[in-house]
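Colleague: test case, fold it:
(4 chains)
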2 protein chains.
Amino acid sequence: MTQPKSRRDQIYEVAGALFSERGYHATSMRDLASQLGMQGGSLYAHISGKEELLVELVNQAAAQFDAALMPLRAENLTPEQKLREAMRRHIEVVAHNLESATVFFHEWKHLSPDAYRKVTEWRDTIDALYRDLVREGIDRGVFRADLDVKMTAYLLLSAVNWTYTWYRPGGPLTAAQIADQFAVMLLDGLRA
Amino acid sequence: MTQPKSRRDQIYEVAGALFSERGYHATSMRDLASQLGMQGGSLYAHISGKEELLVELVNQAAAQFDAALMPLRAENLTPEQKLREAMRRHIEVVAHNLESATVFFHEWKHLSPDAYRKVTEWRDTIDALYRDLVREGIDRGVFRADLDVKMTAYLLLSAVNWTYTWYRPGGPLTAAQIADQFAVMLLDGLRA
DNA sequence: ACTATCCGTATGAGCGTTCGTTTGGTTCAC
DNA sequence: GTGAACCAAACGAACGCTCATACGGATAGT
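Modeller: Residues are numbered from 1 along each chain as shown, chains lettered A, B, ... in the order given. Got it, this is the predicted structure:
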């Protein structure tokens, strides 16, 4: 019952694969077209330009992160549950959108000024989410009172963001299992 | 007594700045030359080509990491001291070579096949170092026995590698202080 | 049922520009 | 007068993108 993928969607799909693998500037429109069995010029019957592809892929990833993480603020969970849930959803977004997530983390600097600014602002909201999450945990006495909120948030974000560099589908662990392992190590520490 | 910087060194310095800021493919030889007050073609009196710049910057970063981390294997420290020391040195290399480290982490995929392979092999040795470090801690009973060695190493590497994305010189914390904070959080956990 | 029209998709030549790099000649300190 | 450093110009290739054109299938008019 699923509609056959439109040519336009195919283009975005292949663009995601190529941009994530080779990078935005190292991928030519002719490269992209030839992977789709067409000529370079034919792409412009479907899209307005190369940058649109990048913008779309980055927005797509950002939307996934937003949809997964933002509702957390309103959910009625303990700070520890929130932290676990945030990491779990964050890593799941990376794992289930590996290509666009890679483009997002790696190529956003090449966006035009407007889109560039939007991404930096978005990043700030995610930073704020993790910091609030840590702060809430400290205030409620669940996390250690001597934590530096900013550094703690950086540590958490490191763990979840860096996954795009090494996670590959088909590995032994699901995204949720990875997140759980990270959460256990981070909450209880490595010490015996 | 310090020798005045050779033109060649100036080129590498500016290349590091531009490659880390804009990316390798988004930086043209003319961009680079104009920042040095010369014409594009004049660069070739000093260097053999654009790729040489990338190779050199990447090798420079790799050498710094090697010099800082590899001796750790032979040093007579407890597993916990080794972990702290590894993180500390790792982050210090990033912080003190921010531009070449950024180029290293971000642009290594654009190297020619030979240099590309060398980098992947190098990354494996660093992975192995961190895994051995974790394993040693488990074997000696200092770290929890239920740790997944690979995941633990990923977590540690996430923390130290991701620093290049947010660390900026002149911030409130030194590299060593950042490493110490990370080590404390990772060893003892976030839980109160 | 036949024809005319249109639309989505693709071609392939080619636009102007920029790329990395080469070349020949000039300047100038030693 | 030799050599290092640089310029100005140009090379061929590749870039993103445009355009005139063509073809096939749906739609509509008669």
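
Colleague: what does chain A put close to DNA strand D?
Modeller: By CB under 7 Å from any atom of the strand, the residues of chain A that approach DNA strand D are A:Thr27, A:Ser28, A:Met29, A:Arg30, A:Asp31, A:Gly40, A:Gly41, A:Tyr44, A:Gly49, A:Lys50, A:Glu51. Any C-beta I mention is one placed from the backbone N, CA and C, and that applies to glycine too.

Colleague: please report how far A:Asn130 lies from B:Arg22.
Modeller: Small correction: residue A:130 is Tyr, not Asn. Applying CB to CB, to the nearest Å, the value for A:Tyr130 to B:Arg22 is 28 Å.

Colleague: counting neighbours, go ahead and name the busier of these two.
Modeller: Between A:Tyr130 and B:Arg22, A:Tyr130 has the larger neighbour count (other CB atoms under 10 Å in any protein chain shown), namely 23 against 15.

Colleague: list the contacts for that one?
Modeller: Neighbouring residues of A:Tyr130 by CB atoms under 8 Å, 6 or more residues apart in numbering or on different chains: A:Ala86, A:Ala153, A:Leu156, A:Leu157.

Colleague: for it, report the pLDDT, please.
Modeller: We have a pLDDT of 98 for A:Tyr130.

Colleague: helix, strand, or coil at the nearest residue to A:Arg88 once chain neighbours are set aside?
Modeller: Spatially, and ignoring its direct neighbours in sequence, A:Arg88 is nearest to A:Ala179 (3.9 Å; CB to CB, 6 or more residues apart in numbering or on different chains). Using DSSP: H, G, I helix; E, B strand; the rest coil, the secondary structure recorded for A:Ala179 is helix.

Colleague: isn't A:Ala179 up against A:Ala95?
Modeller: No - using CB atoms under 8 Å, A:Ala179 is not in contact with A:Ala95, being 9.4 Å away.

Colleague: so which of the contacts of A:Tyr130 are also by chain B?
Modeller: Applying CB under 8 Å from any CB of the partner chain to these, one finds that A:Leu157 fall near chain B.

Colleague: which of the contacts of A:Tyr130 has the most neighbours?
Modeller: A:Leu156 (25 neighbours).

Colleague: quick one, what contacts it?
Modeller: The contact partners of A:Leu156, by CB under 8 Å, 6+ apart, come to A:Leu83, A:Ala86, A:Met87, A:Tyr130, A:Val134, A:Leu186.

Colleague: I'd like to know which of these are part of strands.
Modeller: In this view, the contacts of A:Leu156 have no member that belongs to strands under DSSP state E.

Colleague: tabulate the residues you listed (CSV), appending distance to DNA strand C.
Modeller: Listed next are the contacts of A:Leu156 as CSV, based on distance: CB to the nearest atom of the strand, whole Å:
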residue, distance to DNA strand C
A:Leu83, 44
A:Ala86, 40
A:Met87, 40
A:Tyr130, 38
A:Val134, 43
A:Leu186, 42
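
Colleague: in chain A, which residue sits nearest DNA strand C?
Modeller: Chain A approaches DNA strand C most closely through A:Gly41 (2.7 Å), counting by CB to the nearest atom of the strand.

Colleague: hmm, who's touching stretch A:161-179?
Modeller: Stretch A:161-179 has contacts (CB under 8 Å, 6+ apart) with A:84, A:87-88, A:90-92, A:94-96, A:98, A:101-102, A:105, A:160, A:181, B:151, B:154, B:157-158, B:161-162.

Colleague: which ChimeraX command selects the buried ones in the residues you listed?
Modeller: In ChimeraX, this line selects whichever of the contacts of stretch A:161-179 come out buried by 16 or more other CB atoms under 10 Å in any protein chain shown:
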select /A:84,87,88,90,91,92,94,95,98,101,102,105,160,181 /B:151,154,157,158,161,162
